[in-house]
Structures are given as structure tokens and as C-alpha cells.
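Asks: this is a predicted model, with the sequence first.
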Amino acid sequence: MHVQEWLDTVPAAAVYAVVGVVIGLESLGIPLPGEIVLVSAALMSSQHTGVNPVVLGVCATAGAVIGDSIGYAIGRKGGRPMLAWLGAKFPRHFSEGHVATAERSFEKWGMWAVFFGRFVALLRIFAGPLAGVLQMPYWKFLIANVLGGICWAGGTTAVIYYVGVVAEDWLKRFSYVGLAAAVLIGLASALVIKRRAKKAQPERQDQPEAEPVGASE
């Protein structure tokens with residue numbers, strides 16, 4: 001079942017919980033479709049379903065920050081053996097190549113890798129655990145984690161919500177415009193046909209009547 005269709009079947013409180021938990025688990029290092037769930041829920045909030053976009057954004061941000069912090073703690077304690085274990089369990093996401101790419105990003109960008117990692121699917125899963133494995137000072141990680149969580153989760157919720165509102169309003173206006181255009185096209189077509197019919201009538205009257213076949217014999 002489509003994510004949004006499933007979310008439509010549960011109460012608003014459950015939507016908030018699902019969004020927070022899924023994003024939290026994804027941030028912790030478990031490959032789940034956090035972004036898809038958030039976008040679907042934010043779109044729902046723009047369609048008068050009882051889902052409050054502010055509460056949704058807060059829950060998404062909380063899930064992102066808490067999940068990343070837990071992932072950091074696990075990575076700091078588990079170290080590189082944990083990455084090897086994750087690679088065996090989730091080879092598509094934690095392969096040696098993916099880990100190496102994420103590690104180079106962290107070594108080059110530091111705190112910014114945690115912040116901007118929120119906006120990249122691969123780094124969003126790696127950010128917390130890998131920051132812990134690389135022994136990034138927690139205060140640096142926490143600042144980047146909180147700011148990244150607010151910008152990504154809150155920003156995504158706000159953007160999708162307003163896009164949904166504008167799209168709904170535009171579609172309503174388009175329906176009225178389309179109806180008006182159809183009426184105008186219909187009237188114009190009727191006038192053109194009527195005018196051509198009047199023009200063709202005198203031409204028929206001016207033409208000589210055709211003699212019956214065999215009349216001249």
C-alpha cells in the first residue's frame with residue numbers, strides 16, 4: 001500500500017508517532033524511508049486531514065536529533081567492528097565503498113558533513129554512527145545534529161505543506177478556468193457554425209436549379 005494511503009487510515013497522533021519513529025530509526029543507522037514518510041505526512045497536512053504541520057515538523061525534528069544522538073553513542077561504543085557488522089547485514093547501504101565515501105566526507109568537512117548529511121540519503125544513515133566511530137567531539141556533533149535536524153525536518157515539512165496548499169488552490173482555480181474556457185469555446189464554435197450557415201444560404205439561392213435528368217431529350 002502507498003505510504004500516504006496507509007497514513008490516511010490512522011489518526012493524527014499515530015501519524016506524528018510514525019514520522020518521529022521512522023526518521024529516528026533511519027538517523028540511528030537503520031535504512032528506512034524516512035524522507036518518503038515525512039513528505040507524505042507533510043502533504044497530508046496540507047489537505048485538511050487534521051494533521052498539524054507545526055506538530056509534524058517538531059516530531060520529525062525530534063526524531064532526527066534523538067536518532068542521530070543514539071547512533072552517535074552506538075558508533076562511539078561499537079567502533080569499526082560495528083560498521084563491519086552493519087556491512088554484513090545491510091550490504092546495499094553499508095558496503096565498504098559507501099563507508100569509505102562517507103568517511104572521506106567526514107574527514108574533509110567535519111561538522112558540516114553532519115549538517116549537510118541530513119539532506120543526502122546515504123549520509124543521513126551514516127551521520128550519527130560514523131561521527132561516533134571517528135570520535136568527533138560530542139559538542140560539535142550536537143550543534144550540527146540539532147541545526148541539521150531543524151533545517152531538514154522542519155524545512156521539508158514547511159516546503160511540502162505550502163506546495164500542497166498552493167497546488168490545491170491552483171487546481172481549484174484551474175477547474176473554474178477550464179470550465180469557463182470550455183463554455184467560451186463552445187459559444188465561439190456555435191457562432192462560427194451559425195455564421196457560415198447564413199453565408200452559405202444565399203449562395204445556394206443564387207445557383208441555378210439543376211435540370212432533371214433526361215429533361216432536354
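Replies: Right, received. Where do you want to start?
Asks: where in the chain is pLDDT low?
Replies: 1-6, 48, 86, 92-94, 167-217 (pLDDT under 70).
Asks: now the helices for it?
Replies: Along the chain, the segments classed as helices by DSSP state H run 3-7, 12-28, 34-45, 53-89, 96-109, 111-117, 121-133, 138-149, 155-206.
Asks: hey, which of these is tucked in deepest?
Replies: Comparing these by mean neighbour count (mean count of other CB atoms under 10 Å), helix 121-133 comes out on top with a mean of 24. From N, CA and C alone the C-beta is placed, and that goes for glycine too.
Asks: and the angle for that one with helix 138-149?
Replies: For helix 121-133 against helix 138-149, the angle by axes from the mean of the first three to the mean of the last three CA atoms, to 10 degrees is 160 degrees.
Asks: send me helix 121-133 as PDB with only the CA atoms.
Replies: This file holds the C-alpha atoms of helix 121-133, laid out as PDB (Å, rounded to 0.1, in the frame of the first residue of the first chain):
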ATOM      1  CA  ALA A 121      20.100   9.900   1.700                       C
ATOM      2  CA  LEU A 122      23.400   7.900   2.200                       C
ATOM      3  CA  LEU A 123      24.900  10.300   4.700                       C
ATOM      4  CA  ARG A 124      21.700  10.600   6.600                       C
ATOM      5  CA  ILE A 125      22.000   6.900   7.600                       C
ATOM      6  CA  PHE A 126      25.800   7.200   8.300                       C
ATOM      7  CA  ALA A 127      26.000  10.600  10.000                       C
ATOM      8  CA  GLY A 128      25.300   9.600  13.600                       C
ATOM      9  CA  PRO A 129      27.200   6.200  13.800                       C
ATOM     10  CA  LEU A 130      30.100   7.300  11.700                       C
ATOM     11  CA  ALA A 131      30.600  10.500  13.800                       C
ATOM     12  CA  GLY A 132      30.800   8.300  16.900                       C
ATOM     13  CA  VAL A 133      33.200   5.900  15.200                       C
END
